[in-house]
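Asker: model this:
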Amino acid sequence: MEDNNRGCVKCGSTDAEQKEVAMSGTGLSKMFDVQNNQFLVVSCKNCGYSEFYNKKSSAGSNIFDFFFG
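Answerer: Prediction:
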């Protein structure tokens, strides 16, 4: 039996990229455009499927391992 759990959950591709993004929260941070929420985004280069990971809680981890299973 073949292991199909490796690769993008949508298309199965193993070609992905990682980017860092920052977003504002709610309330005063949104009003003053303070982007204090930082995330790592892993996107499949084939189909564009993306997953967001909290940068603070995933520090030191290989994000691609989470994305590919």
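
Asker: So which residues of this protein form helices?
Answerer: Assigned by DSSP state H, the chain shows helices spanning 28-31, 63-68.

Asker: rank the ones you listed by pLDDT, which is bottom?
Answerer: Across these, helix 28-31 has the smallest mean pLDDT, namely a mean of 50.

Asker: quick one: least confident helix or strand in this structure?
Answerer: The least trusted helix or strand in the chain, going by mean pLDDT, DSSP states H and E, turns out to be helix 28-31, with a mean of 50.

Asker: Give the bridge partners for Val42, please.
Answerer: Bridge pairing for Val42 (DSSP bridges) gives the partners Gln18, Glu51.

Asker: Would you agree Val21 is in contact with Val41?
Answerer: Yes. Counting by C-beta atoms under 8 Å, Val21 does reach Val41; the two are 5.6 Å apart. Any C-beta I mention is one placed from the backbone N, CA and C, and that applies to glycine too.

Asker: which residues are in contact with both of the two?
Answerer: Phe52 (C-beta atoms under 8 Å, 6 or more residues apart in numbering).

Asker: Tell me which of these two has more neighbours.
Answerer: Val41 (16 against 12; other C-beta atoms under 10 Å).

Asker: Nearest residue to the more buried one in space, ignoring adjacent ones along the chain?
Answerer: Using C-beta to C-beta, 6 or more residues apart in numbering and skipping residues adjacent in sequence, the residue nearest Val41 is Lys19, 5.0 Å away.

Asker: List the buried residues for stretch 42-52?
Answerer: 42-44, 51 (16 or more other C-beta atoms under 10 Å).

Asker: And for that stretch, what's in contact with it?
Answerer: 8-11, 13, 15-19, 21, 39-41, 53, 63-64, 66-67.

Asker: Check the residues you listed for burial and list the buried ones.
Answerer: Applying 16+ other C-beta under 10 Å to the contacts of stretch 42-52 flags 8, 16, 39-41, 53, 63, 67 as buried.

Asker: among those, which two are most distant?
Answerer: Of all pairs drawn from the buried ones among the contacts of stretch 42-52, the one with the longest distance (C-beta to C-beta) is Cys8 and Phe39, at 18.6 Å.
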